[in-house]
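S.K.: From the sequence below, what's the structure:
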Amino acid sequence: NQPAAVSGSGPTWTFTPTQPADFACQVTNTADPVVGLGISQTSTPDPYVVGQPLTYTVVVTNSGPDAAAAATVTDGLPSAIRAVMSFACAASPGSSCTASGTGPLADTVDIAPGGTLRYTLTGTVPAGTSGQLVNIAVVTPAAGEVDPACAQGCQAANYNPILAVGLSVQAGLTPAAPASGAPLTYTFTVRNSGPSIAAGVAIDGSVAAQLQAASFVWSCSASSGSSCLASGAGSLAETATVAVGGSVTYVLSGTWPAGQPGPLAVTLTATPPAGTADPGCSSGCSQVLAATVSTQVPTTGAGLGAGLGLLGSGLLLLLAGLVGSLRRRRRLAI
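M.R.: Below is the predicted model:
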(Lines give C-alpha, C1' and ligand atoms only; values in the text may rest on other atoms or scores of the structure.)
Protein backbone atom coordinates (compact mmCIF):
# COMPACT_ATOMS: atom_id res chain seq x y z
CA ASN A 1 0.00 0.00 0.00
CA GLN A 2 3.01 2.27 -0.29
CA PRO A 3 3.18 4.77 -3.17
CA ALA A 4 5.66 4.18 -5.98
CA ALA A 5 7.84 6.61 -7.87
CA VAL A 6 6.98 6.78 -11.56
CA SER A 7 9.36 7.94 -14.26
CA GLY A 8 9.67 7.63 -18.00
CA SER A 9 8.33 8.99 -21.26
CA GLY A 10 6.98 7.81 -24.59
CA PRO A 11 6.44 4.05 -24.73
CA THR A 12 8.70 3.20 -21.67
CA TRP A 13 7.83 3.84 -18.01
CA THR A 14 9.45 2.65 -14.71
CA PHE A 15 7.61 2.10 -11.41
CA THR A 16 9.95 2.16 -8.34
CA PRO A 17 8.43 1.32 -4.92
CA THR A 18 9.40 3.38 -1.87
CA GLN A 19 9.88 0.31 0.35
CA PRO A 20 13.14 -1.63 -0.25
CA ALA A 21 11.41 -4.97 0.19
CA ASP A 22 9.14 -4.29 -2.77
CA PHE A 23 10.21 -4.83 -6.35
CA ALA A 24 10.46 -2.40 -9.29
CA CYS A 25 9.02 -3.02 -12.73
CA GLN A 26 9.40 -1.45 -16.16
CA VAL A 27 6.67 -1.44 -18.81
CA THR A 28 7.51 -0.87 -22.48
CA ASN A 29 4.79 -0.51 -25.10
CA THR A 30 6.08 -0.35 -28.67
CA ALA A 31 3.93 0.21 -31.74
CA ASP A 32 4.45 -1.65 -35.02
CA PRO A 33 6.41 0.40 -37.59
CA VAL A 34 4.22 2.16 -40.15
CA VAL A 35 5.56 2.27 -43.70
CA GLY A 36 4.27 3.42 -47.08
CA LEU A 37 5.71 1.25 -49.84
CA GLY A 38 5.25 1.91 -53.53
CA ILE A 39 6.56 0.44 -56.78
CA SER A 40 6.62 1.39 -60.47
CA GLN A 41 8.37 0.20 -63.62
CA THR A 42 9.05 1.08 -67.24
CA SER A 43 10.64 -0.74 -70.18
CA THR A 44 12.98 0.49 -72.93
CA PRO A 45 12.57 0.18 -75.86
CA ASP A 46 8.83 -0.24 -76.20
CA PRO A 47 8.10 -2.16 -78.36
CA TYR A 48 11.08 -4.46 -77.84
CA VAL A 49 13.34 -5.50 -80.74
CA VAL A 50 14.46 -9.11 -81.17
CA GLY A 51 18.26 -9.37 -80.90
CA GLN A 52 18.53 -5.97 -79.15
CA PRO A 53 18.87 -5.04 -75.43
CA LEU A 54 15.71 -4.65 -73.35
CA THR A 55 15.80 -2.81 -70.00
CA TYR A 56 13.24 -2.78 -67.21
CA THR A 57 13.61 -0.02 -64.62
CA VAL A 58 11.88 -0.80 -61.32
CA VAL A 59 11.66 1.93 -58.65
CA VAL A 60 10.68 1.08 -55.06
CA THR A 61 9.84 3.86 -52.57
CA ASN A 62 8.88 4.25 -48.90
CA SER A 63 6.87 7.30 -47.89
CA GLY A 64 7.24 6.36 -44.20
CA PRO A 65 6.83 7.55 -41.56
CA ASP A 66 9.04 4.65 -40.39
CA ALA A 67 11.85 2.76 -42.06
CA ALA A 68 10.89 -0.41 -43.96
CA ALA A 69 13.21 -3.12 -42.65
CA ALA A 70 13.48 -6.51 -44.37
CA ALA A 71 10.88 -5.79 -47.05
CA THR A 72 11.02 -8.07 -50.09
CA VAL A 73 11.24 -7.10 -53.76
CA THR A 74 10.55 -9.75 -56.41
CA ASP A 75 10.42 -9.80 -60.21
CA GLY A 76 9.95 -13.17 -61.91
CA LEU A 77 10.63 -11.77 -65.43
CA PRO A 78 8.89 -13.02 -68.62
CA SER A 79 9.84 -16.63 -69.38
CA ALA A 80 11.10 -15.78 -72.88
CA ILE A 81 13.90 -13.56 -71.52
CA ARG A 82 14.40 -14.85 -67.96
CA ALA A 83 17.63 -16.71 -68.69
CA VAL A 84 19.38 -13.72 -70.30
CA MET A 85 18.56 -11.02 -67.73
CA SER A 86 20.79 -9.51 -65.04
CA PHE A 87 20.11 -6.72 -62.57
CA ALA A 88 21.81 -3.93 -60.66
CA CYS A 89 20.42 -1.87 -57.77
CA ALA A 90 21.19 1.64 -56.53
CA ALA A 91 19.91 2.72 -53.09
CA SER A 92 19.43 6.22 -51.70
CA PRO A 93 21.25 7.14 -48.44
CA GLY A 94 20.04 5.10 -45.48
CA SER A 95 18.57 2.37 -47.69
CA SER A 96 20.10 -0.89 -48.92
CA CYS A 97 19.58 -3.61 -51.55
CA THR A 98 21.59 -6.32 -53.33
CA ALA A 99 23.95 -4.52 -55.67
CA SER A 100 23.74 -6.96 -58.60
CA GLY A 101 22.68 -10.42 -59.70
CA THR A 102 21.31 -12.52 -62.57
CA GLY A 103 17.95 -13.98 -63.49
CA PRO A 104 14.75 -13.35 -61.56
CA LEU A 105 14.88 -10.82 -58.74
CA ALA A 106 14.24 -11.84 -55.10
CA ASP A 107 15.78 -9.28 -52.75
CA THR A 108 15.43 -8.45 -49.05
CA VAL A 109 15.82 -4.71 -48.61
CA ASP A 110 15.78 -1.81 -46.15
CA ILE A 111 14.25 1.49 -47.23
CA ALA A 112 14.56 4.64 -45.15
CA PRO A 113 11.59 7.01 -44.83
CA GLY A 114 11.54 8.94 -48.09
CA GLY A 115 14.11 6.52 -49.53
CA THR A 116 14.31 4.93 -52.97
CA LEU A 117 15.68 1.77 -54.58
CA ARG A 118 16.25 1.72 -58.33
CA TYR A 119 16.65 -1.66 -60.04
CA THR A 120 17.85 -1.91 -63.62
CA LEU A 121 17.18 -5.31 -65.25
CA THR A 122 18.84 -5.74 -68.63
CA GLY A 123 19.27 -8.45 -71.27
CA THR A 124 19.21 -9.09 -75.00
CA VAL A 125 15.93 -10.35 -76.42
CA PRO A 126 16.58 -13.86 -77.82
CA ALA A 127 15.88 -14.76 -81.43
CA GLY A 128 12.44 -16.24 -81.93
CA THR A 129 10.81 -14.14 -79.19
CA SER A 130 7.30 -13.04 -80.15
CA GLY A 131 4.12 -11.74 -78.62
CA GLN A 132 3.69 -9.57 -75.57
CA LEU A 133 6.21 -9.66 -72.70
CA VAL A 134 4.43 -9.15 -69.37
CA ASN A 135 6.71 -8.24 -66.45
CA ILE A 136 5.37 -7.96 -62.90
CA ALA A 137 7.44 -6.59 -60.00
CA VAL A 138 6.21 -6.80 -56.39
CA VAL A 139 7.24 -5.18 -53.09
CA THR A 140 5.95 -6.65 -49.80
CA PRO A 141 6.38 -5.22 -46.29
CA ALA A 142 8.01 -7.38 -43.62
CA ALA A 143 5.92 -9.15 -41.00
CA GLY A 144 5.14 -6.81 -38.14
CA GLU A 145 5.18 -3.71 -40.32
CA VAL A 146 1.96 -1.83 -41.02
CA ASP A 147 1.35 -0.54 -44.55
CA PRO A 148 -2.27 0.61 -44.95
CA ALA A 149 -2.11 0.69 -48.75
CA CYS A 150 0.19 -2.27 -49.35
CA ALA A 151 -0.48 -4.86 -46.62
CA GLN A 152 -0.38 -7.86 -48.96
CA GLY A 153 2.20 -6.40 -51.33
CA CYS A 154 2.05 -3.85 -54.12
CA GLN A 155 2.81 -4.70 -57.74
CA ALA A 156 3.67 -2.89 -60.93
CA ALA A 157 3.00 -4.54 -64.30
CA ASN A 158 4.64 -3.70 -67.61
CA TYR A 159 3.29 -4.82 -70.99
CA ASN A 160 5.73 -4.66 -73.90
CA PRO A 161 4.61 -3.95 -76.48
CA ILE A 162 1.40 -2.24 -75.43
CA LEU A 163 -1.18 -3.92 -77.62
CA ALA A 164 -3.57 -1.67 -79.50
CA VAL A 165 -7.22 -2.65 -80.01
CA GLY A 166 -10.28 -0.87 -81.35
CA LEU A 167 -13.43 -1.96 -79.55
CA SER A 168 -16.93 -0.74 -80.34
CA VAL A 169 -20.46 -1.79 -79.36
CA GLN A 170 -23.54 -1.68 -81.60
CA ALA A 171 -27.06 -2.44 -80.39
CA GLY A 172 -30.55 -3.03 -81.74
CA LEU A 173 -34.08 -4.14 -80.77
CA THR A 174 -36.20 -6.73 -82.58
CA PRO A 175 -38.93 -5.68 -83.13
CA ALA A 176 -38.11 -1.99 -82.91
CA ALA A 177 -41.51 -1.29 -81.30
CA PRO A 178 -42.24 -4.15 -78.87
CA ALA A 179 -45.75 -5.26 -77.98
CA SER A 180 -46.96 -6.30 -74.57
CA GLY A 181 -46.91 -10.08 -74.24
CA ALA A 182 -44.93 -10.53 -77.47
CA PRO A 183 -41.35 -11.79 -78.00
CA LEU A 184 -38.54 -9.22 -77.81
CA THR A 185 -34.80 -9.43 -78.46
CA TYR A 186 -32.04 -7.08 -77.35
CA THR A 187 -28.90 -7.54 -79.47
CA PHE A 188 -25.42 -6.17 -78.70
CA THR A 189 -22.41 -6.72 -80.99
CA VAL A 190 -18.86 -6.05 -79.78
CA ARG A 191 -16.36 -5.52 -82.62
CA ASN A 192 -12.58 -5.09 -82.70
CA SER A 193 -10.98 -3.11 -85.51
CA GLY A 194 -7.49 -4.01 -84.25
CA PRO A 195 -4.64 -3.89 -84.99
CA SER A 196 -4.22 -6.44 -82.15
CA ILE A 197 -6.46 -9.23 -80.91
CA ALA A 198 -8.45 -8.24 -77.80
CA ALA A 199 -8.03 -11.15 -75.36
CA GLY A 200 -9.74 -10.80 -72.01
CA VAL A 201 -12.33 -8.12 -72.84
CA ALA A 202 -14.53 -7.55 -69.78
CA ILE A 203 -18.22 -7.78 -70.72
CA ASP A 204 -20.79 -6.42 -68.27
CA GLY A 205 -24.52 -6.39 -68.90
CA SER A 206 -27.17 -4.91 -66.61
CA VAL A 207 -30.81 -5.92 -67.09
CA ALA A 208 -33.95 -4.19 -65.84
CA ALA A 209 -35.49 -6.04 -62.90
CA GLN A 210 -38.79 -6.51 -64.76
CA LEU A 211 -36.99 -8.34 -67.58
CA GLN A 212 -35.12 -10.53 -65.10
CA ALA A 213 -38.45 -11.40 -63.47
CA ALA A 214 -39.82 -12.27 -66.92
CA SER A 215 -36.97 -14.78 -67.42
CA PHE A 216 -35.17 -13.02 -70.26
CA VAL A 217 -32.04 -15.07 -71.04
CA TRP A 218 -28.63 -14.37 -72.62
CA SER A 219 -26.94 -16.22 -75.44
CA CYS A 220 -23.76 -15.44 -77.36
CA SER A 221 -22.19 -16.22 -80.73
CA ALA A 222 -18.66 -15.44 -81.90
CA SER A 223 -16.98 -14.96 -85.27
CA SER A 224 -13.98 -17.05 -86.28
CA GLY A 225 -11.05 -16.54 -83.89
CA SER A 226 -13.28 -14.93 -81.25
CA SER A 227 -14.92 -16.52 -78.22
CA CYS A 228 -17.58 -15.86 -75.58
CA LEU A 229 -19.45 -17.90 -72.97
CA ALA A 230 -22.63 -16.02 -72.09
CA SER A 231 -25.72 -17.97 -71.11
CA GLY A 232 -28.39 -17.73 -68.45
CA ALA A 233 -30.55 -14.99 -67.01
CA GLY A 234 -29.87 -11.84 -65.03
CA SER A 235 -26.88 -9.55 -65.14
CA LEU A 236 -23.95 -10.50 -67.36
CA ALA A 237 -20.29 -10.59 -66.29
CA GLU A 238 -17.73 -12.48 -68.37
CA THR A 239 -14.56 -12.12 -70.42
CA ALA A 240 -14.44 -12.51 -74.17
CA THR A 241 -11.83 -12.66 -76.91
CA VAL A 242 -12.44 -10.58 -80.03
CA ALA A 243 -10.22 -11.24 -83.06
CA VAL A 244 -9.00 -8.45 -85.33
CA GLY A 245 -11.97 -7.66 -87.56
CA GLY A 246 -14.04 -10.09 -85.52
CA SER A 247 -17.05 -9.79 -83.26
CA VAL A 248 -19.00 -11.36 -80.44
CA THR A 249 -22.78 -10.93 -80.38
CA TYR A 250 -24.84 -11.05 -77.19
CA VAL A 251 -28.58 -11.63 -77.41
CA LEU A 252 -31.02 -11.15 -74.55
CA SER A 253 -34.42 -12.60 -75.46
CA GLY A 254 -37.78 -13.26 -73.85
CA THR A 255 -41.42 -12.19 -73.78
CA TRP A 256 -42.31 -8.64 -72.83
CA PRO A 257 -44.03 -8.75 -69.43
CA ALA A 258 -47.72 -7.90 -69.53
CA GLY A 259 -48.72 -4.64 -67.92
CA GLN A 260 -45.26 -3.08 -68.29
CA PRO A 261 -45.32 0.01 -70.53
CA GLY A 262 -41.57 0.60 -70.22
CA PRO A 263 -39.06 1.87 -70.84
CA LEU A 264 -37.14 -1.23 -69.70
CA ALA A 265 -33.41 -0.77 -70.24
CA VAL A 266 -30.53 -3.15 -70.87
CA THR A 267 -26.93 -1.87 -70.86
CA LEU A 268 -23.87 -3.69 -72.19
CA THR A 269 -20.31 -2.44 -71.57
CA ALA A 270 -17.10 -3.78 -73.14
CA THR A 271 -13.83 -2.82 -71.40
CA PRO A 272 -10.42 -3.38 -73.06
CA PRO A 273 -8.04 -5.86 -71.38
CA ALA A 274 -5.35 -4.59 -69.01
CA GLY A 275 -2.17 -3.70 -70.85
CA THR A 276 -3.91 -2.65 -74.06
CA ALA A 277 -4.43 0.78 -75.58
CA ASP A 278 -7.79 1.71 -77.08
CA PRO A 279 -8.04 5.46 -77.76
CA GLY A 280 -11.76 5.31 -78.43
CA CYS A 281 -12.68 2.98 -75.58
CA SER A 282 -10.07 3.38 -72.83
CA SER A 283 -12.54 3.22 -69.93
CA GLY A 284 -15.08 0.96 -71.65
CA CYS A 285 -17.63 1.30 -74.45
CA SER A 286 -21.34 1.06 -73.64
CA GLN A 287 -24.68 0.88 -75.39
CA VAL A 288 -28.05 1.29 -73.69
CA LEU A 289 -31.28 -0.08 -75.18
CA ALA A 290 -34.46 1.20 -73.51
CA ALA A 291 -37.56 -0.44 -74.97
CA THR A 292 -41.11 0.95 -74.67
CA VAL A 293 -44.31 -0.88 -75.60
CA SER A 294 -45.91 0.37 -78.82
CA THR A 295 -49.60 1.38 -79.02
CA GLN A 296 -51.68 -1.66 -79.98
CA VAL A 297 -55.12 -1.94 -81.66
CA PRO A 298 -57.53 -3.27 -78.98
CA THR A 299 -58.54 -6.88 -79.55
CA THR A 300 -60.86 -7.69 -76.63
CA GLY A 301 -63.71 -6.35 -74.52
CA ALA A 302 -65.17 -2.88 -74.96
CA GLY A 303 -62.33 -1.90 -77.26
CA LEU A 304 -63.27 -4.66 -79.68
CA GLY A 305 -66.95 -3.59 -79.65
CA ALA A 306 -66.03 0.00 -80.34
CA GLY A 307 -63.80 -1.07 -83.19
CA LEU A 308 -66.52 -3.19 -84.75
CA GLY A 309 -69.02 -0.32 -84.34
CA LEU A 310 -66.75 2.01 -86.25
CA LEU A 311 -66.26 -0.62 -88.92
CA GLY A 312 -70.06 -1.12 -89.26
CA SER A 313 -70.68 2.63 -89.54
CA GLY A 314 -68.11 2.88 -92.27
CA LEU A 315 -69.70 0.04 -94.25
CA LEU A 316 -73.15 1.68 -94.01
CA LEU A 317 -71.78 4.98 -95.28
CA LEU A 318 -70.11 3.19 -98.17
CA LEU A 319 -73.32 1.34 -99.07
CA ALA A 320 -75.39 4.57 -99.02
CA GLY A 321 -72.89 6.19 -101.32
CA LEU A 322 -73.12 3.34 -103.83
CA VAL A 323 -76.96 3.47 -103.86
CA GLY A 324 -76.97 7.23 -104.50
CA SER A 325 -74.52 6.80 -107.33
CA LEU A 326 -76.70 4.15 -109.02
CA ARG A 327 -79.83 6.38 -108.82
CA ARG A 328 -78.02 9.29 -110.47
CA ARG A 329 -76.87 7.02 -113.31
CA ARG A 330 -80.48 5.77 -113.92
CA ARG A 331 -81.81 9.33 -114.20
CA LEU A 332 -79.14 10.20 -116.78
CA ALA A 333 -80.01 7.09 -118.80
CA ILE A 334 -83.71 8.12 -119.00
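S.K.: Show residues contacting the helix or strand containing Val248.
M.R.: Secondary structure assignment for Val248, by DSSP states H and E: strand 247-255. Where contact means CB atoms under 8 Å, 6 or more residues apart in numbering, the residues beyond strand 247-255 that reach it are 181-192, 203, 205, 207, 211, 214-223, 226-228, 230, 236, 240, 242, 266, 268. C-betas here are computed from N, CA, C, even on glycine.
S.K.: how about the helices in this structure?
M.R.: With DSSP state H as the criterion, the chain has helices at 209-213, 301-333.
S.K.: Asn160 bridge partners, please.
M.R.: Leu133 (DSSP bridges).
S.K.: correct me, but it touches Thr44?
M.R.: No. Asn160 is beyond contact range of Thr44, at 9.1 Å (criterion: CB atoms under 8 Å).
S.K.: Just want to know which of those two has more residues nearby.
M.R.: Asn160 (21 against 12; other CB atoms under 10 Å).
S.K.: Return the per-residue confidence for Ala151.
M.R.: Confidence at Ala151, expressed as pLDDT, is 83.
S.K.: Find the residue closest to it in space, skipping its chain neighbours.
M.R.: Pro141 (7.2 Å; CB to CB, 6 or more residues apart in numbering).
S.K.: and the one you found, how many residues sit next to it?
M.R.: Pro141 has 25 nearby residues by other CB under 10 Å.
S.K.: just the strands in the stretch 1-150 of the chain please.
M.R.: 4-9, 12-17, 25-28, 37-44, 53-62, 68-75, 86-91, 100-102, 105-111, 116-124, 133-140 (DSSP state E, counting those that start in this stretch).
S.K.: who touches Ser79 in this structure?
M.R.: Ser79 neighbours (CB under 8 Å, 6+ apart): none.
S.K.: For the remainder of this discussion, apply numbering that starts at 52.
M.R.: Shifting the count to begin at 52 puts that one at Ser130.
S.K.: That one and Val216, how far apart?
M.R.: When distance is defined by CB to CB, to the nearest Å, Ser130 is 24 Å away from Val216.
S.K.: so how many other residues sit close to the residue nearest to Thr225 when sequence neighbours are not counted?
M.R.: Distance criterion CB to CB, 6+ apart; nearest residue to Thr225, sequence neighbours excluded, is Thr236 at 4.4 Å. Using other CB under 10 Å, Thr236 is surrounded by 16 other residues.
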